[in-house]
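1. all I have is the shape, not the residue letters:
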């Protein structure tokens, strides 16, 4: 009987150790430009977002944050402020924006933008509990990787899908003659 009690205690200990840690669940739907957030404490939020605008892409898939920064300045985009940044893949982050009038529609270079107060709240939740991030859907207009002048949507989607951490992950889908030209005129296609 004593051996059975010891075995039972050991099994109970394994189940206590094996329990997954609490984490914030962040579900981002690019189709509706909405984010649903729920915490282990029972908090639940539904916020408007902005994802990548036409010519840029927001990665889809499942992620965990790897870096939290109270204030980050984008080295790629003229030192643009990114308050309460939650980096989840390469240079992609969920962060606050001061362009709140654009929330609810695609407007970014690829990051997920939130109202500043919502970004601050999410940042604190993730800092305390960690997070699981799921990004799905297609932005309104269905123009996730399309090139305006070539129409090779399928080719570009496949090409971008396989370049997960490419140095030019934020570069537009337009075909420029060279990197230098793109850097001087990022919004113009050849």
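-> All right, it came through fine. Note that the structure is predicted; figures quoted are calculated from it, not measured.
2. where exactly do the helices run in this structure?
-> Applying DSSP state H to the chain gives helices spanning 2-18, 116-129, 153-161, 179-184.
3. what mean pLDDT does the longest one get?
-> Helix 2-18 shows a mean pLDDT of 51.
4. just the strands in this structure please.
-> 24-29, 34-38, 44-48, 61-63, 67-73, 81-89, 92-96, 112-114, 131-136 (DSSP state E).
5. packing partners of the longest one?
-> Packing contacts for strand 81-89, counted by 3 or more C-beta pairs under 8 Å, 6 or more residues apart in numbering; DSSP states H and E, involve strand 61-63, strand 67-73, strand 92-96, helix 116-129. For every residue, glycine as well, the C-beta is placed using N, CA and C.
6. lowest-confidence stretch among these?
-> Note on those: strand 67-73 shows the lowest mean pLDDT, a mean of 91.
7. tell me what angle that strand forms with strand 81-89.
-> Relative orientation of strand 67-73 versus strand 81-89 (axes from the mean of the first three to the mean of the last three C-alpha atoms, to 10 degrees): 150 degrees.
8. got the angle between strand 67-73 and strand 131-136?
-> Using the same axes, to 10 degrees, strand 67-73 lies at 70 degrees relative to strand 131-136.
9. helices and strands around strand 67-73, which ones?
-> Applying 3+ C-beta pairs under 8 Å, 6+ apart, we find strand 67-73 packed against strand 81-89, helix 116-129.
10. swap in 10 Å and give it another go.
-> Contacts defined by 3 or more C-beta pairs under 10 Å, 6 or more residues apart in numbering; DSSP states H and E place strand 67-73 against strand 81-89, strand 92-96, helix 116-129.
11. picking up where we left off before, buried deepest among the helices and strands packed on strand 81-89, which one?
-> strand 92-96 (a mean of 25; mean count of other C-beta atoms under 10 Å).
12. so what secondary structure elements neighbour that one?
-> By 3+ C-beta pairs under 10 Å, 6+ apart, strand 92-96 packs against strand 67-73, strand 81-89, strand 112-114, helix 116-129, strand 131-136.
13. circling back: turn the helices and strands packed on strand 67-73 into JSON lines, including distance to residue 57.
-> Shown next, in JSON lines, are the helices and strands packed on strand 67-73 (distance: least, C-beta to C-beta, whole Å):
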{"stretch": "strand 81-89", "distance to residue 57": "12"}
{"stretch": "strand 92-96", "distance to residue 57": "10"}
{"stretch": "helix 116-129", "distance to residue 57": "21"}
